[in-house]
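Trainee: I would like the atomic coordinates for the input below:
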Amino acid sequence: MTDKQLNSYLTFRLKGELFAIGVEKVLEIIETTEDHTITNLPKAPDAVEGVVNFRGNVIPVVNTRQKFDLENYQEQERFVVMVLNLTLGGEEHIVGAMSDKVVDVIEIVEKEIQPVPEVGKGYNSDYVSGVVYRKGEFVMVLDIEAAIESDEIIQLREEEVEESNEQDGLIAE
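Mentor: A predicted model of the protein is given here:
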């Protein structure tokens, strides 16, 4: 039956709230350790925490707490980086997204997902595609590409291109 279509979602927590994103977008979960840390970038957009090494590639990491206007991470607070393969601006990009912790992979019947209710301040409903009630709590299903594809990543990509062009110019002289 088509109205029983199941999709898999990775659930994760941010400041006690439960969120979900489609598992097809998740490449890997990186535990932050001394060997795997985020390097800050000078002049990076506010929501970009820095960069991390992923399989030999440097990828930007978005601070999702900051993106969703939640209390920022404290210096010694633990978190994980969800490495995501997203389509941003019509192109595929690998981007990291910080999370307090990954909870589980769940199956959701599409018709279970309810529309986001109109609320005042709080979460930007542009980033939440729906809400599901599971095991006594709400799970906010994210449109992670809408959340990440903001001006921050586009600005970061433009700055990387400008820096690369400037370096090429210095070498050519």
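
Trainee: Show me where the protein has its strands.
Mentor: Remark: strands assigned in the chain by DSSP state E are 6-14, 17-22, 26-31, 48-54, 57-62, 80-88, 91-99, 101-109, 128-134, 137-142.

Trainee: how about those strands in JSON lines, adding distance to Glu71, mean pLDDT and mean neighbour count?
Mentor: Every C-beta, even on glycine, is put in place using the N, C-alpha and C of the backbone. Supplementary listing: those in JSON lines, determined by distance: least, Cβ to Cβ, whole Å; pLDDT from 0 to 100; neighbours: other Cβ atoms under 10 Å:
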{"stretch": "strand 6-14", "distance to Glu71": "10", "mean pLDDT": "95", "mean neighbour count": "18"}
{"stretch": "strand 17-22", "distance to Glu71": "12", "mean pLDDT": "95", "mean neighbour count": "21"}
{"stretch": "strand 26-31", "distance to Glu71": "22", "mean pLDDT": "94", "mean neighbour count": "16"}
{"stretch": "strand 48-54", "distance to Glu71": "15", "mean pLDDT": "90", "mean neighbour count": "19"}
{"stretch": "strand 57-62", "distance to Glu71": "16", "mean pLDDT": "92", "mean neighbour count": "20"}
{"stretch": "strand 80-88", "distance to Glu71": "17", "mean pLDDT": "92", "mean neighbour count": "19"}
{"stretch": "strand 91-99", "distance to Glu71": "13", "mean pLDDT": "91", "mean neighbour count": "19"}
{"stretch": "strand 101-109", "distance to Glu71": "16", "mean pLDDT": "95", "mean neighbour count": "14"}
{"stretch": "strand 128-134", "distance to Glu71": "19", "mean pLDDT": "92", "mean neighbour count": "16"}
{"stretch": "strand 137-142", "distance to Glu71": "17", "mean pLDDT": "94", "mean neighbour count": "18"}
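
Trainee: who wins for proximity to Tyr73 among those?
Mentor: strand 91-99 (7.3 Å; Cβ to Cβ).

Trainee: What are the contacting residues of that closest one?
Mentor: The set of residues that contact strand 91-99 without belonging to it, under Cβ atoms under 8 Å, 6 or more residues apart in numbering, is 12-14, 27, 30, 38, 49, 52, 54, 57, 59-65, 73, 79-88, 144, 148, 153, 157.

Trainee: Parallel or antiparallel, list what pairs with that strand.
Mentor: Based on DSSP bridges, the strands next to strand 91-99 in the sheet, each with its direction, are strand 57-62 (parallel), strand 80-88 (antiparallel).
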